[in-house]
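S.K.: Fold the following, please.
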Amino acid sequence: MGSVNHMANAEELDAATRFISTPRVAAHAWQAWLHEEGIARFPASELVGKWQRLVVVAPHPDDEVLACGALLHTHVLHGGECIVLAVTDGEASHAGSPGHDATALAWQRRQESGTGLQRLGVPPGALLRLGLPDGGVQSHAETLRAKLAALVHPGDVVLTTWRRDGHPDHEACGRAAAHVCSTNSAVLLEAPVWMWHWAEPWDSQVDWTRLAGVGIEGGTLAAKLHALAAHRSQLAPRPPHRPAVLDPGIIERAGWDTEYFFVNTP
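M.R.: Next comes the predicted model:
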């Protein structure tokens, strides 16, 4: 997760409607609504077949856990192939804190993501780092699209953050992945990460008809939470008196028994 509310231009991010702040709806209220509305739930194998390659595009270290840690763990556990593309090193998450050292934080977050992925069973060779600037992915969209175009094969399942998630890096990754999947005949899954903060049930900005859930088994949920715990820089308060990047709402959602994705097919 990167520092939130970096501003993109008005066409890319409508801050008035997708501004990330205190959650407008509590996590338990979202759970109740999703259950009442009967949002479809599928086994992981129906969204990512065992013989399909799962390509996870993570805007920041920890987004691969928050977006799809359980699905990634399940796929690898059953012998599936995966690639995790780390788009940025998350060096801006503590910007504005006294003594902030972006280089040192980037190093720390790379170590955290490596540990977290190891806890999910992801082989070290499956992790690729692109090193784009945290908060500035849209300015390097051509680089990201070119990397994905070379990486993604027909039939792959590409999983990234939703293109209207609220954080400009999340949205830039979603747009780039959507473009490449449409030309490379790959399946696209977009994970809402920050959407749960700014949206409300039946929010008109959200295409709820495309939302589907993947149930999580107990052992996989434990692995996901163990992986998230590796991201200590995001879980601890920031100096001098700033809260942690990952607030209680997002941590509670990480413990849900379902992961949700907007499903797009070629």
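S.K.: After the helix or strand bottoming out on mean pLDDT in the chain, heading C-terminal, what element do we hit next?
M.R.: The helix or strand of the chain with the poorest confidence is helix 15-18; it has a mean of 70 (mean pLDDT, DSSP states H and E). Next helix or strand after helix 15-18 toward the C-terminus (DSSP states H and E): helix 27-36.
S.K.: What is that following helix packed up against?
M.R.: The contact analysis (3 or more CB pairs under 8 Å, 6 or more residues apart in numbering; DSSP states H and E) places helix 27-36 against helix 248-254. Bear in mind the C-beta positions are built from the backbone N, C-alpha and C, glycine included.
S.K.: you'd agree Val158 is in a helix?
M.R.: No. According to DSSP: H, G, I helix; E, B strand; the rest coil, Val158 belongs to no helix; its state is strand.
S.K.: Give me the three-state assignment for the nearest residue to Arg41 once chain neighbours are set aside.
M.R.: When the adjacent residues along the chain are set aside, Arg41 lies closest to Gly213, with 4.2 Å between them (CB to CB, 6 or more residues apart in numbering). Put simply, Gly213 is strand when judged by three-state DSSP.
S.K.: Tell me if I'm right that Gly213 and Phe262 touch.
M.R.: No. Contact criterion CB atoms under 8 Å: Gly213 and Phe262 do not qualify, at 11.2 Å.
S.K.: between those two, which one's more packed in?
M.R.: A side-by-side neighbour count of Gly213 and Phe262, using other CB atoms under 10 Å, places Phe262 first with 21 against 18.
S.K.: Is it correct that the more buried one falls within a helix?
M.R.: No. Phe262 is assigned strand when assessed by three-state DSSP, not a helix.
S.K.: ok, residues contacting whatever helix or strand Trp196 lives in?
M.R.: Secondary-structure assignment from DSSP H and E places Trp196 in helix 195-198. Residues outside helix 195-198 that contact it (CB atoms under 8 Å, 6 or more residues apart in numbering) are 17-25, 27, 30, 162, 164-166, 206, 249-250, 253.
S.K.: In the stretch 101-250 of the chain, what residue spans correspond to helices?
M.R.: 102-119, 141-151, 168-184, 195-198, 218-229, 232-235, 248-254 (DSSP state H, counting those that start in this stretch).
S.K.: Could you figure out how far the first one is turned away from helix 218-229?
M.R.: Angle of helix 102-119 versus helix 218-229, following axes from the mean of the first three to the mean of the last three CA atoms, to 10 degrees, is 170 degrees.
S.K.: Mind listing residues that contact helix 102-119?
M.R.: For helix 102-119, the surrounding residues in contact (CB under 8 Å, 6+ apart) are 58, 60-62, 64-65, 69, 84, 86, 89-95, 124, 126-127, 129, 223, 226-228, 230-234.
S.K.: quick one: buried residues of it?
M.R.: Residues of helix 102-119 classed as buried: 102, 105-106, 108-110, 112-114, 116-117, 119 (neighbour count, 16 or more other CB atoms under 10 Å).
S.K.: Identify the residues contacting Val76.
M.R.: Taking CB under 8 Å, 6+ apart, we find Val76 in contact with 82, 120-123.
S.K.: quick check, nearest of these to Cys173?
M.R.: Lowest distance from Cys173 to these (CB to CB) belongs to Cys82, with 16.7 Å.
S.K.: Now for the closest residue in space to that closest one that isn't next to it in sequence, how many residues are close by?
M.R.: Sequence neighbours aside, Leu54 is the residue nearest to Cys82 in space, at 4.4 Å (criterion: CB to CB, 6+ apart). Leu54 has 27 neighbours, counted by other CB under 10 Å.
S.K.: my read: Leu54 touches Gly79, true?
M.R.: No. Using CB under 8 Å as the test, Leu54 is too far from Gly79 to be in contact (11.8 Å).
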